[in-house]
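> here you go, sequence then predicted model.
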Amino acid sequence: MRLEEVLIMDRLKTLIFSFYREEFTVQASLAPLVATKMTRVMGTICIECLDFRHLELVLPLAKYLQEPIALLQLSRNIIFYSSDFPDCKYSIEIQTDKNLYV
C-alpha cells in the first residue's frame, strides 16, 4: 500500500487496516477497500463502490470486516452498494452476541 492511499483513507477504513496490521496477506486482499466510500449512519455502515465490477471485488471482503466491527460494536449491519446500480444493495448483519474468541 502506498503512502498516498493511507493518507486519504477515512477513519473506518483506517480501523479495518489497523486491525489487520500484522497480517500482510489480509491487508493485501483488502486493497479494493481503499477505493470505496465508507460511512456510518444510525448503526449501519454503508460501503459505496465505484461500479458493479468493484462491488464484486469488495463483497468477498465482508468476512474481514465483520470481526473488527463486531468487537468495537460500531454497527449492526453493513450495506454494500454501487452508485451505478442504486437498487442493488447487499446487506450483511453483524452478530455481536457471540463470543468471537471461542
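Good, I have the coordinates.

> from Glu22, how far off is Cys46?
When Cβ to Cβ, to the nearest Å is applied, the distance between Cys46 and Glu22 equals 28 Å. In short, each C-beta sits where N, CA and C put it, glycine included.

> which one of these two has more residues nearby?
Just comparing Cys46 and Glu22: by other Cβ atoms under 10 Å the higher neighbour count belongs to Cys46, 19 against 7.

> residue contacts, that one?
When contacts are counted by Cβ atoms under 8 Å, 6 or more residues apart in numbering, Cys46 touches 38-40, 78-79, 81.

> determine the three-state secondary structure at it.
Reduced to three states with DSSP: H, G, I helix; E, B strand; the rest coil, the structure at Cys46 is strand.

> is Leu59 in contact with Lys89, as I believe?
No: here Leu59 does not reach Lys89: they are 11.2 Å apart, not a contact under Cβ atoms under 8 Å.

> now do the shared contacts for the two.
Phe80.

> more neighbours, the two?
Shown here are Leu59 and Lys89; by other Cβ under 10 Å, Leu59 has more neighbours (15 against 12).

> what's the distance between the closest residue to the more buried one other than its chain neighbours and Pro86?
For Leu59, the nearest residue in space outside its immediate sequence neighbours is Phe80; the separation is 5.7 Å by Cβ to Cβ, 6 or more residues apart in numbering. Phe80 sits at a distance of 12 Å from Pro86 (criterion: Cβ to Cβ).

> more neighbours, the two?
In this view Phe80 and Pro86 are compared by other Cβ under 10 Å, and Phe80 has more residues nearby, 21 against 9.
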